[in-house]
Each structure stands twice: as structure tokens, then as C-alpha cells.
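got a predicted structure here, sequence first:
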Amino acid sequence: MGTVRRAIALRIPQVGTFIGPDNGLFTALLLAHPAAQARAITNPDFTIARLGRTVSATFHGRDLFAPTAALLAGGASFAEVGPHLENDTLILLPHFHAYSAADGTIHGEIVNIDRFGNLISNISRAQCAGFSAATLATARVDVAQHSCLGITVTYGAAASGQVIALFGSNERLEVARVEGHADRGTGGPTLALGAKITVTPTQ
């Protein structure tokens, strides 16, 4: 709160409108929805200033974000929030970016570990779209001490205790242990956020 980062409103067609700071908070949304429209919250009529009060330097949730959200929810024009912002000027968190090497290997990292111990990466299904079904079925997925051969479709495709790779409900590649916790490893240390993961095509 109270830093120089911009306050923005983000509208995603068929999804919704999001209000918050331009500090990387919306990285996942921006990467998943390139059609998102962003505007800087600069119109005082969309802030607490409309009530004759001064916008606090340390309470933007109350003075900027909440009034803007309320007005937009009530039907106010999104275009009147403030000037349009190009998406490539918005801040993205670097760890959300996976990349492909010249040999076709996709490099990413673990960005979330859910309560079931599943290791969720920043590698999206879209980044693997260039792989054929046969390639996906035989690709090697490596993260820490885990190595999986092939990306499966469901948890039920493997036996209890087996470590598998699959695309989860958020369309990101994850590594899981069937009826167990992949983050605990097998005799190794507990895996942590930031662990490197690779997808290597074998054909």
C-alpha cells in the first residue's frame, strides 16, 4: 500500500472485472487472457475523493479499489475509470513464465503446492500444444527427484503411490502422487516453491 505502483481496473470479456494494484497480482489472468483490457484508476469520481475526502497514501483498498469496484458493479462505464493501458506495460511476475529451449524442452518451475501435495507448475497446456498426442504420451517430466514418463489424462490412469504428470483444472501441468503427496518425495526433502521442472519430448 502507498507505493508508486499504479491502481488498475482489468476487464476480461466473458470472465469479469478485477480491481487492484499493478504489481504482478494479475499475472496469471493476463497470461491466460491476452484480450484483457486494462485502465489506470485516475478519475477522482471513482475514488473516495468523490465524497470530498482525501485519498490516503496507505489505504488504497478503501480509497481507490473499493469505490471503483462498487461503481463498476453498479453499472458505471469502464471507459471512464481512466486512461487505457497497454497490456505489455503491466507488471508480470517473472516466475510465471515458462520457456521452450531450442531442443524442444520446456523449462518451468513450481509456482503452487496445493493442500493435496500436488506440484503445480507455470507450464500451461497451451505451451505444449505443439506436441502431438504421441509425444505427450511419452514425454519425460522431471522435477527434483521425480521423473515421469508421459503426461496422463486422469489420476485414475496410474496405480496408488505412483507419481504422474497431468494437466490440472487450471490448465497447468502438475506433478502428483496418486493417493499421496508429491511434495514429500520418496526419501528426499520436501519440495518447495520454485523447484525447476522440465518437459522433454522423446520423439
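The structure has been received and is ready for your questions.

so, low pLDDT: which residues of the protein?
1-3, 95-96, 185-189, 203 (pLDDT under 70).

domain map for it?
Annotated domains of the chain cover 7-89, 94-200 [automatic domain parsing].

mean neighbour count added to these, as JSON lines?
(C-beta placed from N, C-alpha, C; glycine too.) Output for the domains of the chain, formatted as JSON lines (neighbours: other Cβ atoms under 10 Å):
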{"stretch": "domain 7-89", "mean neighbour count": "16"}
{"stretch": "domain 94-200", "mean neighbour count": "16"}
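
please enumerate the helices of the protein.
Using DSSP state H, the helices of the chain run over 27-32, 60, 66-73, 133-138.

nearest to K196, of those helices?
Across the helices of the chain, the minimum distance to K196, taken as Cβ to Cβ, is reached by helix 27-32, at 18.8 Å.

name the helices or strands packed onto the closest one?
In this structure, helix 27-32 packs against strand 7-12, with contacts taken as 3 or more Cβ pairs under 8 Å, 6 or more residues apart in numbering; DSSP states H and E.

what strands line up against the strand it packs on, and which way round?
Strand 7-12 pairs in its sheet with strand 16-21 (antiparallel), strand 37-40 (antiparallel), by DSSP bridges.

kindly reformat the ones you listed as CSV containing distance to A158.
As requested, the strands paired with strand 7-12 are exported to CSV (distance: least, Cβ to Cβ, whole Å):
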stretch, distance to A158
strand 16-21, 36
strand 37-40, 42
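
of all those strands, which lies closest to V111?
strand 16-21 (18.7 Å).

just give me how far that closest one sits from the chain centre.
15 Å (Cα atoms, centre = their mean, to the nearest Å).

what does that strand contact?
Strand 16-21 has contacts (Cβ atoms under 8 Å, 6 or more residues apart in numbering) with 3, 5-12, 26, 29, 41, 60, 65, 68-69, 72, 78.

now the angle between helix 66-73 and it, please.
Inter-element angle recorded for strand 16-21 and helix 66-73: 170 degrees (by axes from the mean of the first three to the mean of the last three Cα atoms, to 10 degrees).

residue nearest the centroid of this structure?
Among the residues of the chain, the one closest to the centroid is A28, at 2.8 Å (Cα atoms, centre = their mean).
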